[in-house]
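In: got a predicted model here, sequence first, then my questions.
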2 protein chains.
Amino acid sequence: MNEVIETLLKHRSVRDFTDEKLTDEQIQTIVESAQRASTSSFIQAYSIIGVTDEAKKERLAEIAGNQSYVVENGHFFVFCADLHRHEVIGELQETEVSSTLETDEKLLVAVIDAALASQNAAVAAESMGLGICYIGGIRNDLFAVKEVLALPERVIPLFGMAVGVPASVEDQKPRLPFQHVYHENTYEANPERIKQSLSDYDALIHDYYMVRGSNPRKDTWTGQMGRMLSKSTRLDVKDFLKAQGYLKQ
Amino acid sequence: MNEVIETLLKHRSVRDFTDEKLTDEQIQTIVESAQRASTSSFIQAYSIIGVTDEAKKERLAEIAGNQSYVVENGHFFVFCADLHRHEVIGELQETEVSSTLETDEKLLVAVIDAALASQNAAVAAESMGLGICYIGGIRNDLFAVKEVLALPERVIPLFGMAVGVPASVEDQKPRLPFQHVYHENTYEANPERIKQSLSDYDALIHDYYMVRGSNPRKDTWTGQMGRMLSKSTRLDVKDFLKAQGYLKQ
């Protein structure tokens, strides 16, 4: 196994950082690594915002549900799907681009572009001995995030990423069985096989939660997912996407 | 610079592979690396389909616009946003989950989850000396891809990934300037600064296209983007997303 695979396989989210700040060089390497990810037809439809202002970090932490590690970390990035610069390109090239930018296809393009970049950032940071945690909680109030970061039209803040020197490290959660996630040639949609696979995984996750170092509890994956999915949340995401110029066509 | 950052920074898409097939062990390592990526609230909302059937590969290549490397590669993966198993979990847990699964928020969650996993797969493959190319072209006809791969409801094939031993390697395209992509505390939306930055980048890309090894041409990035974005494509993505049970709430 090479050093890269090792880095990928030992990933776990870190939610507890020392107060050591990232250096400018570290930030630059992380962003440049992000930028080297593949991008759909060379479109580069994302931006990354580094948040260092304490008041802004506190506001973002509040939006994200009072997660302390949104404030207390070595650096906080916000990854945005971004077709704002492409709107400007329309002006420069005197071409009508808005109707294309408003399609669902371009929403997918921008979200995927931003996510690929962010995962390169995560891997780069971890390879330097830093820990990371994705913060989807900023989607609790996208209108507020827009205000905090002064985002123009066509910019969607997708998630934050707290990065820093780990102060403590959590256990690694087992993932879904390989055979359940990986299909060959056609999707394995037999409900009985899916249920069997989920039941096997539930047993594994039950054992994980019972014996893990911190906060052991009795739970299963399907139980956890069932509880989470019984409540719809972030219902204004659609309104925000539309307000930012997406989902129109 | 460590080996991981080196791998990330030297990425370029590979569109020309030898006929050497990936081993089962390589496929497993790639998929397991993908599975270790972060996932929103542990939801694991994606599936990966390995396509080895020649007829299916040919059909996917045709859908993607006759890209030969969709057929001729070491392995072909399709990455899917997937909340199908969560629908089954609703049944198992006797909980109504459909209205949550239909929200735009859960579409974002599943698309981001799948993209993070895919980028780990790409990095893992490249670390083994393999080349990769994302194939967004499968979105040219998502209804057809659904048929080829027998996808149930709540599964969205986002893109393919051709992986294999590189037969030839392309030059590396310069990315947008760091200062243009990376913002601090607030989004830099001054149109004059954006235009200046795009103009600098155009000069860089112009030089790149003029001197690159294969197929030199006279072009700029904004010119290329303007042409691409003047035509709306894949207008049935919205219909497909709705048909698969998304964008409803």
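Out: In hand now; what should we look at? Residues are numbered from 1 along each chain as shown, chains lettered A, B, ... in the order given.
In: could you pick out the longest helix of chain A?
Out: Longest helix of chain A, by residue count under DSSP state H: helix A:104-127.
In: so what are the structural domains in chain A, by residue number?
Out: Residue ranges for the domains of chain A, per automatic domain parsing: A:3-170, A:178-228.
In: ok, back up a step: quick one, the helix or strand following the longest helix of chain A and helix A:104-127 angle?
Out: Using DSSP states H and E, the helix or strand that follows helix A:104-127 in sequence is strand A:131-135. When axes from the mean of the first three to the mean of the last three CA atoms, to 10 degrees is applied, the directions of strand A:131-135 and helix A:104-127 differ by 160 degrees.
In: so what pLDDT did the residue sitting furthest away from the middle of chain A get?
Out: Most distant from the centre of chain A: residue A:94, at 34.7 Å, with distances by CA atoms, centre = their mean. Listed pLDDT for residue A:94 reads 96.
In: report the contact partners of residue A:136.
Out: Residue A:136 is in contact with A:159, B:40, B:41, B:109, B:112, counting by CB atoms under 8 Å, 6 or more residues apart in numbering or on different chains. Backbone N, C-alpha and C define where each C-beta goes, glycine included.
In: and if you look at residue A:230?
Out: Here residue A:230 is in contact with B:95, B:96, B:97, B:100 (CB under 8 Å, 6+ apart).
In: so which of the contacts of residue A:136 wins on neighbours?
Out: residue B:112 (28 neighbours; other CB atoms under 10 Å in any protein chain shown).
In: next one: the longest strand belonging to chain A to chain centre, how far?
Out: In chain A, taking DSSP state E as the definition, the longest strand is strand A:155-164. On the basis of CA atoms, centre = their mean, to the nearest Å, strand A:155-164 sits 7 Å off its chain's mean C-alpha point.
In: after that strand, which helix or strand is next?
Out: In N-to-C order, the element after strand A:155-164 by DSSP H and E is helix A:178-181.
In: following that next one, which helix or strand shows up next?
Out: Counting by DSSP H and E, what follows helix A:178-181 is strand A:182-184.
In: just checking, what packs against that next one?
Out: strand B:46-51 (3 or more CB pairs under 8 Å, 6 or more residues apart in numbering or on different chains; DSSP states H and E).
In: let's see that with 10 Å instead.
Out: Identification of packing neighbours for strand A:182-184 by 3 or more CB pairs under 10 Å, 6 or more residues apart in numbering or on different chains; DSSP states H and E yields helix B:24-35, strand B:46-51, strand B:75-82.
In: among these, show me which one is buried the most.
Out: When those are scored by mean count of other CB atoms under 10 Å in any protein chain shown, the highest mean neighbour count falls to strand B:75-82 (a mean of 26).
In: tell me the angle the longest helix of chain A makes with strand A:75-82.
Out: Going by the same axes, to 10 degrees, helix A:104-127 makes 160 degrees with strand A:75-82.
In: just how off-centre is helix A:104-127 within its chain?
Out: Here helix A:104-127 is found 8 Å from its chain centre; the criterion is CA atoms, centre = their mean.
In: could you see whether chain B lies near it?
Out: Yes. For helix A:104-127, a contact with chain B is found by CB under 10 Å from any CB of the partner chain, at A:104-109, A:111-127.
In: show me which residues of the helix or strand where residue A:62 lies are buried.
Out: Residue A:62 is part of helix A:54-63 when elements are defined by DSSP H and E. For helix A:54-63, burial by neighbour count (16 or more other CB atoms under 10 Å in any protein chain shown) applies to A:56, A:57, A:59, A:60, A:61, A:62, A:63.
In: from those residues, which are also near chain B?
Out: Within the buried residues of helix A:54-63, those near chain B by CB under 10 Å from any CB are A:56, A:57.
In: looking at the buried residues of helix A:54-63, which is nearest chain B?
Out: Closest approach to chain B among the buried residues of helix A:54-63 (CB to the nearest CB): residue A:56, at 6.0 Å.
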